[in-house]
Every structure is written in C-alpha cells, then in structure tokens.
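In: coords below, sequence missing:
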C-alpha cells in the first residue's frame, strides 16, 4: 500500500492468526425439470480471502462503476465531524454463475432503492452486505446493470487496526483512502482486488471546494451554490484504489517528460515547502519506466491534504499524501502504480509484493540520486540488530499487513533475488511480471514460478528462507 508504516501500531506485534478461511459458496440445489435447466443459487458474501472473509463477493464480475455523488462536509466546530453523502451507483456486471441472489459490500450508508436492468429488485441490508434479489434471475454469463440509490451520514471510519480509512469526513471535505477494504464505506462494491473495474465519477460539492478522483478530469460546472466535478478512469482498478477526495484544493496540471498528463491537487493550507519534492515526479516516471516498462495508466498526480490519516496511499493515478509529500514517499507511491495497482495482490497475504517492490524502488532511486546503493541499503538492513525477523512475510496476518518487515524484508528479498539471479534476469523478471499480470492480480506463488522461469534456476530454497521462515536468512 502506501508508505503506510503505522509505527504507532507496531506494538500490536507480528501478525495474529489469520481469520478462518471463508467456506465455499453455498451450492444451489438442483432445479426440477430438464437436466440442462440452470441451477440458480446465491453468490457468496465474500471473495474467499482468509484475512477479510466478508470483503468482496462471489457470483459476479463488475465491469464498471459510475458513481454520482452529492456530498456536504462536516459543519464547523463544535459540531461533530459528520458529513452527508447521497449517491447513485450504476454498476455494470456479469454473472459468473446462475444467480437468484447476489451481494454487494456496503456499510454505514443505507440503500433506498435497487434496480436490475431497469426493474425494481428486492433487497435487504446487513451491517456489511447489500443482498439483492433480481427478477428475472441472472444466468451465468449474462450482463446486467444494477442501480443502487443510497446515502446517509459520513463519519471517520477505521479499519481493524484502528487507523482511519474509507470515506474520512473532514471539516472542509473528505479524505478517501480505502486500503484494504474501506471502499464499502462510500459506495456499494465488490471490495476485493480480484475484481477490477473501470470507474467514472460525478461528484457534487459546495461551490469553492474541489472533488478529485482517479484518471482524467473531464469537466466541472457550477450552479445554485454547488460545483460538479467529473472524472474518468478507464483502466482496470481495484476498488480500494478508488478515491473521490474533497477539499480546498488547487489543481496544478502539466505534462511529464514521458508524456503522462499530471494533475496535482494541493490543499491551499499546505505550504509549498511541504510538497516541493513533487517537482521530481517527471524524473521519477522516466526512471521507473526504465525498470518496469511503460507507465500503465492514462494520467498521474498527487493529492496533498492538510488533514491527515497518518499515512500515504497509492490511489491509482492520483497518490494521496497526508500534509507532506516527501521524496522517498513520492517515489514509493509512484512505484506502486506498476507494483500494486497495475499488478495487484491475489490475496491480502501477498501484500509484500506491493510493499517490497515499492520500498526496493526507494532503494534504487536513492542509488540513482547518488546516495546509498541498493547493496548498501541491504547490508544496513541485514546487519541492524533492531531488524525484525519474526514475521512470515508471505503470510503476515490481517493485523500484520503494514508492519515494517512487509516493507523492508520484502525489499531485502528482492535485492537478494537480484544478486542471486543477476541483473539481466532480475529486470527481465520485473518487466515480465507487469506485462503478464498487468490489469489483474497475482500471488506469491505466481512470482516464485515466474522467477524460476526467467532465471532458469530452482529457487524453492531461496523463497522458503526469505518469505516463509520467521528467522534471519543465513544462506540462500
């Protein structure tokens, strides 16, 4: 994810035991009649990720979200920090099984109506799920358009660690950063990286505020005291990477040396000295393209907010920074656009592939800038008596996603692999990883298999000691 090292939370220790794996989706009973008659059943209420059993859903593949949002931020003090959000989510999806019922993730907001292909659908809502019963039922392979009208009071939601995430209400807007499964706090969604979709946004806010989302700004219009901002993000995106942040922003737009349109949203209460390093974005894009291949999306940029969630996040095409954008964090979040956004985790246990690559990108950038080499960074990490070796990096547990070893031992793993297989094979591996799995998800096993394919080496022992053994590697 971000450069989100939540130091204050490290006292929680290394990962707790993973939450029990979701059971397989319920199997529908056979319908009477001809053997070829579809056997309709319910889509599961989770994507099967053991860390977050209710995140995502089964039985559907979302193609596109069109989000029409109307938002009022929290009033001035001493009123509570509560806003109001009204939304209409138009969701194009494909049924992946014969469905008489399916779920979307939604919590903290209330659905008032649901239609499926223009016909009213029966629905019910639990704490985490919006359960929809379409009529007629959906056959496997059928496309459908689901329209959910919803709304309610927005607050400052927190994840399982107690960190702010999702639609975080502020006095002058909202910070919208949703890793790992906070998107359900602001729209009905299949909230797991294995279901990537394109997005479009139409966000109406009080006049004078700016709504910033993913992709390219396609227009804005002001009437009756409000401004509507429209954004288009056509590239496949995991839901947690979507944003629609609102604030007192100034938009700075330019074109990077590699031709990428840049849109930075800079809070007017943040000093220029707090984001001066964003001037390096163009050079960083060129540098990272040399490592990982062409930049994968239609635009890039940053959001720098004067409020804080305590971390940065690689929201796709528009990285989010709390109060300050520092050089190391900027290159970290930019590297995520390839490693984490274009290629995303198959399961949250695989998050080291996001954070290890982004941290290793920092090491390589520092070397490029004439600071410590990547080898020197590795040596310092390996020899540091304070280094934590007790985390299983490839399975850190739901409370261990953002512990330091996921970042630093992840980066050290990549450097050790680079030394073992050589630069040519290592950077071929990096670019092939993006080419082969771009636009989708991949697992730790996928990475190990590709590393062996590219290098021609047996790397089982290497990955065992670096990723699966909670001890300092001594030989590999």
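Out: Structure received. Keep in mind it's a predicted model, so treat the numbers as computed, not measured.

In: where exactly do the helices run in the chain?
Out: Remark: helices assigned in the chain by DSSP state H are 281-292, 327-336, 352-368, 374-383, 404-421, 423-437, 444-455, 460-463.

In: to the chain's geometric centre, what's the distance from the fifth one?
Out: It stands for helix 404-421. How far helix 404-421 lies from its chain's middle: 22 Å, per Cα atoms, centre = their mean, to the nearest Å.

In: What is that helix packed up against?
Out: Here helix 404-421 touches helix 352-368, helix 374-383, helix 423-437, helix 444-455, helix 460-463, going by 3 or more Cβ pairs under 8 Å, 6 or more residues apart in numbering; DSSP states H and E. In this view, the C-beta of every residue, glycine as well, is placed from N, C-alpha and C.

In: and it with helix 444-455, angle?
Out: If you take axes from the mean of the first three to the mean of the last three Cα atoms, to 10 degrees, helix 404-421 sits at 20 degrees to helix 444-455.

In: mean confidence for helix 404-421?
Out: Averaging pLDDT along helix 404-421 gives 98.

In: could you check the angle helix 352-368 makes with that helix?
Out: Using the same axes, to 10 degrees: helix 404-421 against helix 352-368 is 70 degrees.

In: which of the residues in stretch 393-413 are buried?
Out: 393-413 (16 or more other Cβ atoms under 10 Å).

In: before we move on, the earlier item: what's the closest of the helices of the chain to residue 216?
Out: helix 281-292 (16.3 Å; Cβ to Cβ).

In: Give the buried residues for that closest one.
Out: The neighbour-count check on helix 281-292 (16+ other Cβ under 10 Å) flags 281-285, 287-288, 291-292 as buried.

In: circling back to that earlier point, any chance of the helices and strands packed on helix 404-421 in TSV, plus distance to residue 68?
Out: Shown next, in TSV, are these (distance: least, Cβ to Cβ, whole Å):
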stretch	distance to residue 68
helix 352-368	31
helix 374-383	46
helix 423-437	32
helix 444-455	37
helix 460-463	46
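
In: Save the ones you listed as TSV, and put in mean neighbour count and distance to residue 173 too.
Out: Compiled in TSV, those are given as follows (neighbours: other Cβ atoms under 10 Å; distance: least, Cβ to Cβ, whole Å):
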stretch	mean neighbour count	distance to residue 173
helix 352-368	24	27
helix 374-383	16	37
helix 423-437	16	34
helix 444-455	17	38
helix 460-463	15	44
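
In: Figure out which of these is closest to residue 78.
Out: Residue 78 lies closest to helix 352-368 among those, at 39.3 Å (Cβ to Cβ).

In: Please name every helix or strand in contact with the closest one.
Out: If you count contacts as 3+ Cβ pairs under 8 Å, 6+ apart, helix 352-368 packs onto helix 281-292, helix 327-336, strand 343-345, helix 374-383, helix 404-421, helix 444-455.

In: quick check: mean pLDDT across it?
Out: Mean predicted confidence for helix 352-368 is 98.

In: Measure how buried residue 114 is and give me the count.
Out: By the criterion of other Cβ atoms under 10 Å, residue 114 has 24 neighbours.

In: Please apply the same query to residue 127.
Out: Residue 127: 8 surrounding residues under other Cβ under 10 Å.

In: For it, which non-adjacent residue is spatially closest?
Out: Leaving out its chain neighbours, the residue that sits closest to residue 127 by Cβ to Cβ, 6 or more residues apart in numbering is residue 107, at 6.0 Å.

In: Could you tell me which residues make contact with the one you found?
Out: 127-128, 184-185 (Cβ atoms under 8 Å, 6 or more residues apart in numbering).

In: of those residues, closest to residue 41?
Out: residue 128 (20.2 Å).

In: Pretty sure that closest one sits against residue 108.
Out: No: between residue 128 and residue 108 there is no contact under Cβ atoms under 8 Å: 9.7 Å.

In: okay, and for the protein, where does confidence drop off?
Out: Residues of the chain that meet the criterion pLDDT under 70 lie in 1-38.

In: sorry, back to before: select, out of the helices and strands packed on helix 352-368, the one closest to residue 136.
Out: Proximity to residue 136, assessed across the helices and strands packed on helix 352-368 by Cβ to Cβ, is greatest for strand 343-345 (33.6 Å).

In: which other helices and strands contact the closest one?
Out: Looks like strand 343-345 contacts helix 352-368, helix 423-437, strand 440-442 (3+ Cβ pairs under 8 Å, 6+ apart).

In: so which of those gets nearest residue 87?
Out: Relative to residue 87, the nearest member of the helices and strands packed on strand 343-345 by Cβ to Cβ is strand 440-442, separated by 26.7 Å.

In: So what touches that closest one?
Out: Applying Cβ under 8 Å, 6+ apart, the set of residues contacting strand 440-442 is 193-194, 196, 236, 238, 343-346, 350, 353, 433, 436.

In: Please check those and keep the buried ones.
Out: 193-194, 196, 236, 238, 343-346, 350, 353, 433.

In: For stretch 194-211, list every residue counted as buried.
Out: Using 16+ other Cβ under 10 Å as the test for burial, stretch 194-211 gives 194-205, 209-211.

In: What is the end-to-end distance of that stretch?
Out: 27 Å (Cα to Cα, to the nearest Å).

In: For residue 439, the count of nearby residues, please.
Out: The number of residues near residue 439, taken as other Cβ under 10 Å, comes to 13.

In: just so I know, which of the helices of the chain lies nearest residue 134?
Out: helix 423-437 (32.5 Å).

In: got the angle for the closest one vs helix 281-292?
Out: Using the same axes, to 10 degrees: helix 423-437 against helix 281-292 is 100 degrees.

In: Helix 423-437: how far from the chain's middle?
Out: Here helix 423-437 is found 22 Å from its chain centre; the criterion is Cα atoms, centre = their mean.

In: could you say what helices and strands that helix packs with?
Out: In terms of contacts (3+ Cβ pairs under 8 Å, 6+ apart), helix 423-437 is packed against helix 281-292, strand 343-345, helix 404-421, helix 444-455.

In: Make TSV out of the ones you listed and add distance to residue 174.
Out: Output for the helices and strands packed on helix 423-437, formatted as TSV (distance: least, Cβ to Cβ, whole Å):
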stretch	distance to residue 174
helix 281-292	24
strand 343-345	24
helix 404-421	27
helix 444-455	34
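
In: Nearest to residue 252 among these would be which one?
Out: Nearest to residue 252 among the helices and strands packed on helix 423-437 is helix 281-292 (10.7 Å), distances taken as Cβ to Cβ.

In: Residue 258 against residue 288, yeah?
Out: No: Residue 258 lies out of contact with residue 288 (Cβ under 8 Å); the separation is 9.7 Å.

In: before we move on, back to that, pull the most distant pair out of the buried residues of stretch 194-211.
Out: Every pair of the buried residues of stretch 194-211 checked by Cβ to Cβ; the farthest is 194 and 209, at 34.1 Å.

In: Burial check on residue 115, number of neighbours?
Out: The number of residues packed near residue 115 is 17, by other Cβ under 10 Å.

In: Pull the contacting residues for it.
Out: Residues near residue 115 by Cβ under 8 Å, 6+ apart: 121, 146-147.

In: Alright, calling it a day.
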